[in-house]
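[1] sequence unknown, structure follows:
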């Protein structure tokens, strides 16, 4: 039975456009199909014109944005695949299930390229856990959801980022990036190119869970969002693990023509996409779709977001072989459609056509050229006195959840499975994984909502710059990036302006350093329906790097007593958006400045030092400034240091600025050959100076007027215990 | 020596274990799907870590009742080396090949970390290449690794030299008497929570785990 009514979220203009294109009134099922394709979440109708400015190609990039994952050639016949997803709305309502299914989705994106998922990274943003019980609950359950799901499917969670800010109180952000490894010869694309091929639905059955999930993600979270729980899918990691192995097995036997993830994209979207990309049509047999609930109507079946499902395009004649492989793993599969040459998506029920729409019409939502307007920016007058006690100020920073050790989080994640993880969580600025061709992949994910809030252009470019610094600090050359833009309601012209500027910042910096963007996602409507408050502009970016030789792998920890500590880059009095200001309740007026050319030269000089074998430890200097970076290096290596900050490049400034400013383009490294390091820096016109030496069991920092001296044990207690203490207080 | 690595649906350390056996130790080894494991002529068998059958019901409970267990039981009775790693240990206990129980970690959380261990005995098929009382490092990664038994059984295990490895120093899971690995009476069947396959490469943090597999060669 076809429902006689479907409530769409399309605008009147879009509905009119649809009628015009078709030359008729679509039936309710067809409206549902159009709605499913044209919502913001799936169609990128607002963001497409803006994200078009990102650079997307390089000699290494085999597949760029537009497919389920980006594909990067790492040589010797191997490829790395990468993608990023978020599950913000679901996690705000059901943190455990929402976070878990977020992983499920991104895993399938990697899988359907014919590659094996080998690493997960999480970018998490929560409300202020020092004040909010709700945010504590969200955080604990998001992390439990990620752990239970990731651990079970045997994909290590190797790195991430956790940020805390009041603006995420009702709209937490849960970003998951996944890295896959495959052979170039096994690559699959999500397309149906050959008429006569069969389309199989494999994995879980179709139920009512997740109905309207993507639509739900395309509007603001309602005040009574609790009632939208049916829009959260149910995680089943065990089935997912079987699907991973069954799909890779099927791909090895060369019977697959294409593969497509279902989930946030539903059966509807999956079908349309493979047909559109393959320039073909599909005939869908609705009665063949395994359903798990009684009397589901065709609309519900087509737009359900039940998890753990994939579409496989199987070569004509190989159907029995696919069924045999699925049987071995106990994975349900059903031949639900046939590839045709009609360029139409035709849905049949008991032999009767109940929907018939052109694929390209469905796949290409009308673009919305949204208006944007410069937000009114309030300049904040600043009058922060220097701290009475510098050590106390440092300890406060170390205790702040955004800076404190995340060990409580990553202990719960299996980060070893797969036996590839060389640099593990907490061991370096990025995760480093061993590849089968003797090279190493470095990967990191970063965000900084406070910088982006003050200036979306500089802020977003800074997030990318910092992420690249993290990659460089472990000894890797950045080779590709992913972007994930998270903003409020795009109907708000000021928010759309922030989005446009942030993307421009990312694009300009990426172009400056020749870094291609191989995929990404846009998530709007991160806005509280009740208070109307949007989250701060929160682009989260991931950067992939490559390390050619094992000797180049560099960690953060101090290694040997007596080694020289070199501070690279110039420290300026730049406190806007810093953690130091945040702890004092001040926002500031501008984020630290970013000189694209200097940043590029600095990263390149540091990488050159590492490749020359001059660097024994390296750390990017960002949140919490030099003070925090030094403590992290000391605690990692269980070695103290004596540092004189008067020696580092800086203009006339206060001691607290010297110690805690979050200026860009800075690294701290240790070396046994300081003159060679300084030589490389000066040749690239990068400021730098020897500031002290490694040794002892305490941290001694001399500044212009102040001195700081603290035992490592005291620093360790605060740095390592604060997060857990805050969560269970 | 021919070593079988049994794959259950949900096993996830199967490929890692196979890689160490074939690439690092150059052994003849194969993954065998649990339904197809009916040949007890293999020289040794390893039950890898993971979440067999999704840990549904109880970790290891369903795999313990699979048909593969009949073959594994026969090999155990024949005195061949049988190793259960992590989830494999849980399966051996559920199948009654090893005594006691593995309960949820006392911290109620999954724990993934490198740990310091003591080899309590070298009278086992998987520690005979070590000196007794050697201090080694291997990582653990599990939710249910708190070994539990009554005092009587714990005393008996100790007396019979069946406590194979213990935590030295920190005990992150609250396991009784620091126990992380035990054996059957003959020492040919061993279950251990730490992952030797994850400690078989210096680049990944250490290679003490290699000796666990080398022991298997020495034993036979």
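    Perfect, thanks for sending it. The structure displayed is predicted, hence computed values, not measured ones. Numbers count the residues shown, from 1 in each chain, chains lettered A, B, ... in the order given.

[2] which bits of chain B sit near chain A?
    For chain B, the residues in contact with chain A (CB under 8 Å from any CB of the partner chain) are B:9-10, B:12-13, B:15-16, B:19-20, B:33, B:49-51, B:53-56, B:109-113, B:139, B:141, B:143, B:195, B:197-198, B:200-201, B:203-205. Using the backbone N, CA and C atoms, a C-beta is placed for each residue, glycine as well.

[3] From those, which land in strands?
    B:33, B:111, B:112, B:113, B:139, B:141 (DSSP state E).

[4] Excluding sequence neighbours, find me the nearest residue to the last one.
    Think residue B:141. Excluding its sequence neighbours, the residue lying closest to residue B:141 (CB to CB, 6 or more residues apart in numbering or on different chains) is residue B:112, at 4.1 Å.

[5] Could you tell me which residues make contact with residue A:301?
    The contact partners of residue A:301, taken as CB atoms under 8 Å, 6 or more residues apart in numbering or on different chains, are A:206, A:267, A:286, A:289, A:291.

[6] run the last query once more with 6 Å
    A:206, A:289 (CB atoms under 6 Å, 6 or more residues apart in numbering or on different chains).

[7] element containing it?
    Take DSSP states H and E as the rule and residue A:301 turns out to sit in helix A:298-303.

[8] can you check residue A:716 too?
    Using DSSP H and E, the element containing residue A:716 is helix A:712-727.

[9] what is the rounded mean pLDDT of that helix?
    What helix A:712-727 shows for mean pLDDT is 96.

[10] what residues does stretch B:119-128 touch?
    B:81, B:83, B:130, B:132, B:134, B:161, B:163-166, B:183, B:187-188, B:190, B:212, B:215-216, B:218-219.

[11] Filter these down to the buried ones and express that as a PyMOL selection.
    Of these, the buried ones go into a single PyMOL selection, burial set by 16 or more other CB atoms under 10 Å in any protein chain shown:
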select buried, chain B and resi 81+83+130+134+161+163+164+165+166+183+187+188+190+212+215+216+219
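
[12] Among the contacts of stretch B:119-128, name the ones in helices.
    Residues of those located in helices (DSSP state H): B:212, B:215, B:216, B:218, B:219.

[13] Reformat those as CSV; add distance to residue A:702.
    Compiled in CSV, the ones in helices among the contacts of stretch B:119-128 are given as follows (distance: CB to CB, whole Å):
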residue, distance to residue A:702
B:212, 50
B:215, 54
B:216, 57
B:218, 58
B:219, 60
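
[14] from the residues you listed, which is closest to chain A?
    residue B:212 (14.3 Å; CB to the nearest CB).

[15] For the closest one, which residues are in contact?
    By CB under 6 Å, 6+ apart, the neighbours of residue B:212 are B:126, B:196.

[16] any idea how far residue B:184 is from it?
    16 Å (CB to CB, to the nearest Å).

[17] and if you look at residue A:206?
    The value you get for residue A:206 to residue B:184, if CB to CB is used, is 47 Å.

[18] Those two: which is more packed in?
    Using other CB atoms under 10 Å in any protein chain shown as the criterion, residue A:206 and residue B:184 rank with residue A:206 on top: 26 against 20.

[19] give me every residue that touches the more buried one.
    A:289, A:291, A:301, A:304, A:306.

[20] Only whichever of the residues you listed are buried, select them in PyMOL.
    To isolate the buried ones among those in PyMOL, judged by 16+ other CB under 10 Å, type:
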select buried, chain A and resi 289+291+301+304+306
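
[21] hang on, the earlier thing: can you tell me which of the ones in strands among the residues of chain B next to chain A lies nearest to residue B:91?
    When those are ranked by distance to residue B:91 (CB to CB), residue B:33 comes first, at 15.3 Å.

[22] Give me the distance between the closest one and residue A:246.
    12 Å.

[23] between these two, which one's more packed in?
    Between residue B:33 and residue A:246, counted using other CB under 10 Å, residue A:246 has the larger neighbour count: 24 against 15.

[24] wait, the more buried one sits on residue A:331?
    Yes: Residue A:246 is in contact with residue A:331 according to CB atoms under 6 Å; the separation is 4.8 Å.

[25] what about chain A, any weak spots by pLDDT?
    Where chain A drops to pLDDT under 70, the residues are A:1-5, A:209-233, A:263-265, A:377-382.

[26] if I look at residue A:720, how far off is chain B?
    13 Å (CB to the nearest CB, to the nearest Å).
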